[in-house]
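Asker: fold the following for me, if possible:
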Amino acid sequence: MNLSPSWVAVLSESGHDTEHWSNIGPGDASDQEVLAYAAQQDRVLLTHDLDFGAILAATGRSRPSVLQIRSHDIDPATSGRSILEAIDWFQAELVQGALVSLDVKGGRARLLPIEKGPR
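Answerer: Residues are numbered from 1 along each chain as shown. Below you'll find the model as predicted:
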């Protein structure tokens, strides 16, 4: 699920250089295309779509960092503050390359590339 373009204002007001995909590429772009753009531009991808984390795990990519919101409340008016706090909290990991998952209990970061475990 795509996040609302209203996230751009919330993030920009806090000093983050932010773009919404709707201003960059086609609405029907594949997740791979979005990831490739974010990696090329050295961006952090903020998403509610769990597919991006799965792609990172399956492909062994080391970029881009992805911050997943794993909550039903994705309205920036109510969850924006906690997302901004998480960006600050996980800043070092996001700069290094990480998959950060945020839910109502908190957050966790996995550094990229995600190691594939034994089968």
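
Asker: and the host helix or strand of residue 52, what does it pack against?
Answerer: Residue 52 belongs to helix 51-59 when assigned by DSSP states H and E. Secondary-structure packing of helix 51-59 (3 or more Cβ pairs under 8 Å, 6 or more residues apart in numbering; DSSP states H and E): helix 31-40, strand 65-69, strand 98-103. Using the backbone N, CA and C atoms, a C-beta is placed for each residue, glycine as well.

Asker: which elements pack onto the longest helix that the chain contains?
Answerer: If you go by DSSP state H, the chain has its longest helix at helix 76-89. Under the contact definition 3+ Cβ pairs under 8 Å, 6+ apart, helix 76-89 sits against helix 6-13, strand 65-69, strand 98-103.

Asker: how far off helix 6-13 does it point, in degrees?
Answerer: Helix 76-89 and helix 6-13 are oriented at 50 degrees to each other (axes from the mean of the first three to the mean of the last three Cα atoms, to 10 degrees).

Asker: need the contact partners of the following helix or strand past helix 76-89.
Answerer: Sequence order places helix 91-96 as the next helix or strand after helix 76-89, per DSSP H and E. Helix 91-96 is contacted from outside by 44, 65, 67, 87, 100, 109, 111-112, using Cβ atoms under 8 Å, 6 or more residues apart in numbering.

Asker: now the residues you listed in JSON lines, with pLDDT?
Answerer: As requested, the contacts of helix 91-96 are exported to JSON lines (pLDDT from 0 to 100):
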{"residue": "44", "pLDDT": "97"}
{"residue": "65", "pLDDT": "98"}
{"residue": "67", "pLDDT": "97"}
{"residue": "87", "pLDDT": "96"}
{"residue": "100", "pLDDT": "98"}
{"residue": "109", "pLDDT": "97"}
{"residue": "111", "pLDDT": "97"}
{"residue": "112", "pLDDT": "97"}
